[in-house]
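**Q** Curious how this folds, go ahead:
(one chain, ligands or ions: 2)
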Amino acid sequence: MLERLYRRRMPVDEVISAEAAKTLAQFTHEIRRPIGLVITRRGAVQDVLVGAGTEPSPTTLATFRASPRSLRGLRLIRSHLKEQILTQEDLTLLGLLRLDMIGVLAVTPKGEPGLLSLAHLNPPSAQGQLYTLLKPTLVHQCPVSFETFIRELEADLQRQGESHMMSQKQTAILVSASPKSKADQEEHLTELAELASSADLTVIDRLVQRTQGGGRQRFQLGSGKLKDVLMQAMQKGADLLIFDQDLAPAQLRTIEEITDLTVIDRTQLILDIFAQRAHSREGKVQVELAQLRYLLPRLSGHGTSLSRLGGGIGSRGPGETKLETDRRRIRERIDHLDREIEGFARHQDQRRSRRIRQTFPVLSIVGYTNAGKSTLLNVLTNSQVSTAPRVFETLDTTSRRLRFPDGREVILTDTVGFIRDLPKDLLAAFRTTLDELRDADLLLHVVDAGAKDMEAHIASVNTVLQSLGLDQVPQVLIFNKCDRLPTGQAEALCRRHSAIGISALHPETLPQLIQHLEDRLTALTPVDGFSQKSADQAHTLASRP
Ligand SMILES: Nc1nc2c(ncn2[C@@H]2O[C@H](COP(=O)(O)OP(=O)(O)OP(=O)(O)O)[C@@H](O)[C@H]2O)c(=O)[nH]1
Ligand SMILES: [Mg+2]
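**A** Ligands and ions are numbered 1, 2, ... in the order given. Predicted structure coming up:
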């Protein structure tokens, strides 16, 4: 019986033809259940949905894709045995699926079409309503000339999209949902926003939800809140949704299937930034390895998730050529990269033993990302390592020789910065880079003294050091960017933490640090142990006045 509905094709200018409405009403009356017709732009019935709350099939949704700048090319007209009222769920579905229109047709007690209610989406705007409800009319009196109407609406959407494209940047909405307090979550979102801007994204909104109960509760799809989030993302024309919490692979897929938004979590954002920044062969191999390790458990049975590695954020990665690779190929690739990294490690061992023969103490600068580590290396060794007010500027390790005013020489190294909850795949992959820290005789732990959650930063760095087995290496705590603190505050802060305050941008603040390092070195090794043989290669610090 329902087949008759499928074969139906209506004029492209009518939302639903009078004849189709009649058949729909008649069948609804006979089976005493609501029926929905999913209709294409060309007026063909694509799906027939029986029962309240049924949604277009995944196959249909996969065939008809929508984007924040276009509609899906499908409308849904449901019948209702009594009323023609559009429910909140209908309107949510309209927004989520970006349907051309959604409508409810009342069926009279005699099984005839009654009033038809229609709703359509509005072009995105900051405060504006997401949708417009049209006044219910009888089908043959419906004032909407569908083809023209939808063409104009899409042109509006397109224009919005273009003005938004002017900025050339992808836009993101940040989302946090956890049992933690709102204040804590907000603070984490501030860091997530820094990560996003470091990845060259524009953040257009942030949403925080405090979930109930202990443990890490995840957003459940179907929960009204998640639908809200997705609707807002659509309405604001966002390209990406970035969750501060890890998403379950299944959840990711479901969200992506229904919305066509790119959805990523914090780990993936960090991996993306690393991928953007990696320059050396070693760095690239390490990032690719971390991305694949992250991806592997997230591959669906059909391997569709691989398409996440295309181009752009949330997909920048191992590249097109590997798109068709299945799990096995990925495992092989992982093995291969592992071996390559093994090779780097061996090479590094040789370098290291060479260095050890030279018996120069190694001072390694460590710290939270953006603390000013590279700036400090530069000012101490007169180098030009790239520095920037963004996180994860440095990925590769740089080593420089440095001569202290008393003649002793050391090797000073600068390396990748740390961050709270550093993705474990990344930590594993950056083993060779981080292994350099094992040579350190002294760690120079640089802290951005002006950072709001400075103490949490210190703790995060110490946690990472601990997980690397480096918590026993002697440390000097250095509070950098003291120029940003009100006078007097830096001194108090340093006293409280037994730290040394500096401002790496202002060399005149460094003598106390240099003196302190000399003292620590004396404790480590006597001055006589250092030769003068390579004075020409090391940068000599100016003697103190
Ligand atoms: N005001 C102020 N800014 C500083 C100081 N030291 C560094 N900065 C700035 O802080 C930003 C980060 O400095 P970097 O040296 O790149 O920091 P990093 O720790 O190497 O960062 P990553 O390599 O990303 O981990 C840059 O914009 C620096 O100019 C300082 O003493 N005072
Ligand atoms: Mg750096």
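
**Q** For Asp471, what is the enclosing helix or strand?
**A** Per DSSP states H and E, Asp471 falls between elements, in no helix or strand.

**Q** Assign the residue lying closest to Ala345 once chain neighbours are set aside to helix, strand or coil.
**A** Using Cβ to Cβ, 6 or more residues apart in numbering and skipping residues adjacent in sequence, the residue nearest Ala345 is Thr432, 5.1 Å away. C-beta here means a position set from N, CA and C on the backbone, and glycine is covered the same way. When classified by DSSP: H, G, I helix; E, B strand; the rest coil, Thr432 comes out as helix.

**Q** Then Leu402?
**A** Three-state call for Leu402 (three-state DSSP): strand.

**Q** Could you measure from it over to Thr394?
**A** Distance from Leu402 to Thr394, counting by Cβ to Cβ, to the nearest Å: 18 Å.

**Q** How about Asp13?
**A** To Thr394, Asp13 is 61 Å away according to Cβ to Cβ.

**Q** What is the neighbour count of the residue nearest to Ala345?
**A** 21 (other Cβ atoms under 10 Å).

**Q** Glu282 is in contact with that one, correct?
**A** Yes - here Thr432 reaches Glu282: they are 6.4 Å apart, a contact under Cβ atoms under 8 Å.

**Q** Common neighbours of the two, please.
**A** 341, 344 (Cβ atoms under 8 Å, 6 or more residues apart in numbering).

**Q** Tell me where the stretch 351-500 of the chain has strands.
**A** Taking DSSP state E, counting those that start in this stretch as the test, the strands found in the stretch 351-500 of the chain are 362-367, 398-403, 409-414, 442-448, 475-480, 500-501.

**Q** Can you give the domain ranges for the protein?
**A** Split into domains by automatic domain parsing, the chain comes to 3-164, 167-270, 278-339, 359-540.

**Q** between those domains, which gets nearest to ligand 1?
**A** Closest to ligand 1 of these, according to Cβ to the nearest ligand atom: domain 359-540, at 2.5 Å.

**Q** Dump the domains of the chain into a markdown table; add mean pLDDT and distance to Arg346 as well.
**A** Formatted as a markdown table, those follow (pLDDT from 0 to 100; distance: least, Cβ to Cβ, whole Å):
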| stretch | mean pLDDT | distance to Arg346 |
| --- | --- | --- |
| domain 3-164 | 87 | 47 |
| domain 167-270 | 78 | 28 |
| domain 278-339 | 67 | 11 |
| domain 359-540 | 88 | 10 |
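
**Q** For ligand 2, which of these is the nearest?
**A** Counting by Cβ to the ion, ligand 2 lies closest to domain 359-540 out of these; the figure is 2.9 Å.

**Q** still on that earlier bit, export the strands of the stretch 351-500 of the chain to a markdown table and append columns for distance to Thr387 and mean neighbour count.
**A** As requested, the strands of the stretch 351-500 of the chain are arranged in a markdown table below (distance: least, Cβ to Cβ, whole Å; neighbours: other Cβ atoms under 10 Å):
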| stretch | distance to Thr387 | mean neighbour count |
| --- | --- | --- |
| strand 362-367 | 12 | 24 |
| strand 398-403 | 12 | 19 |
| strand 409-414 | 10 | 23 |
| strand 442-448 | 12 | 23 |
| strand 475-480 | 12 | 22 |
| strand 500-501 | 19 | 23 |
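
**Q** Could you export those strands as JSON lines, including distance to Leu74?
**A** Formatted as JSON lines, the strands of the stretch 351-500 of the chain follow (distance: least, Cβ to Cβ, whole Å):
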{"stretch": "strand 362-367", "distance to Leu74": "53"}
{"stretch": "strand 398-403", "distance to Leu74": "55"}
{"stretch": "strand 409-414", "distance to Leu74": "55"}
{"stretch": "strand 442-448", "distance to Leu74": "51"}
{"stretch": "strand 475-480", "distance to Leu74": "56"}
{"stretch": "strand 500-501", "distance to Leu74": "63"}
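
**Q** Make a markdown table from those and add distance to ligand 2 to it.
**A** Formatted as a markdown table, the strands of the stretch 351-500 of the chain follow (distance: least, Cβ to the ion, whole Å):
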| stretch | distance to ligand 2 |
| --- | --- |
| strand 362-367 | 9 |
| strand 398-403 | 9 |
| strand 409-414 | 6 |
| strand 442-448 | 10 |
| strand 475-480 | 12 |
| strand 500-501 | 19 |
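
**Q** Select, out of these, the one closest to Thr211.
**A** Closest of the strands of the stretch 351-500 of the chain to Thr211 is strand 442-448, at 30.7 Å (criterion: Cβ to Cβ).

**Q** Which residues does the closest one contact?
**A** The contact list for strand 442-448 (Cβ under 8 Å, 6+ apart) reads 361-368, 370-373, 376, 437, 454, 457-458, 461, 465, 470, 473-481, 499, 504, 517, 520-521, 524.

**Q** Next: stretch 264-281.
**A** The contact list for stretch 264-281, computed with Cβ under 8 Å, 6+ apart, reads 192, 195-196, 198-200, 240-247, 252, 283-284, 286-288, 290-291, 294, 313-314, 316-317, 391-393, 395-396, 419, 421-423, 425-426.

**Q** Would you mind giving me the ChimeraX syntax to select the buried ones in the residues you listed?
**A** Command for ChimeraX that selects the buried part of those, burial taken from 16 or more other Cβ atoms under 10 Å:
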select :192,195,196,198,199,240,241,242,243,244,245,246,247,252,283,284,286,287,288,290,291,294,313,314,316,317,391,392,393,395,396,419,422,423,425,426
